[in-house]
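K.L.:
Got a predicted structure plus its sequence, pasted below:
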Amino acid sequence: MAPMPRALRPHSGLAPRVRRAGAALVIGAALVLSGCGPVIATQAIADATIAVEGARGANAPELAVYEFVSAETYLQKAREEEGYADYQAAVDLASKARFLADEARRRALAGGRAPIQGADEPDSPVGDAPGSRL
């Protein structure tokens, strides 16, 4: 049997190094793009954790109980969702936790009497929640 002509061989125009470099580029891009979710979720959870600790330092567990407990609960659920690799849910929950922790801190610093900011705004994470207006 005669050898196949060079022009008909698969990938005859590409050097093996070029093919390997292309494959490495595709694999590298996939790894980089898949790494964004965990990084963003981890940062959002870290920011929410700092906000919750700031609220704790302002005595929010006693002066802004609803907001503080809600912030802790959202933060716990964000960590759980991150563990299940549901990074978008983790980011959303961590964002709500941070919002509520900031509210708890603000309310605690005001002596527990400040109204919830954004409670009447439709885009507020707690605006439409039952019992969100204290």
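P.N.:
Cool, the structure landed.
K.L.:
mind listing the helices for the chain?
P.N.:
Using DSSP state H, the helices of the chain run over residues 16-34, 36-57, 60-63, 65-83, 87-109.
K.L.:
Of the ones you listed, which stretch is the most buried?
P.N.:
Of all the helices of the chain, helix 87-109 carries the top mean neighbour count, a mean of 23, counting by mean count of other CB atoms under 10 Å. In this view, the C-beta of every residue, glycine as well, is placed from N, C-alpha and C.
K.L.:
Quick one: work out the angle between that one and helix 65-83.
P.N.:
If you take axes from the mean of the first three to the mean of the last three CA atoms, to 10 degrees, helix 87-109 sits at 160 degrees to helix 65-83.
K.L.:
Lowest average confidence across the helices of the chain, which one?
P.N.:
Least confidently modelled of these is helix 16-34, at a mean of 61 by mean pLDDT.
K.L.:
roughly how far apart are K77 and E67?
P.N.:
K77 is 16 Å from E67, where distance means CB to CB, to the nearest Å.
K.L.:
now swap in R113 and tell me
P.N.:
In this view, R113 and E67 are 13 Å apart by CB to CB.
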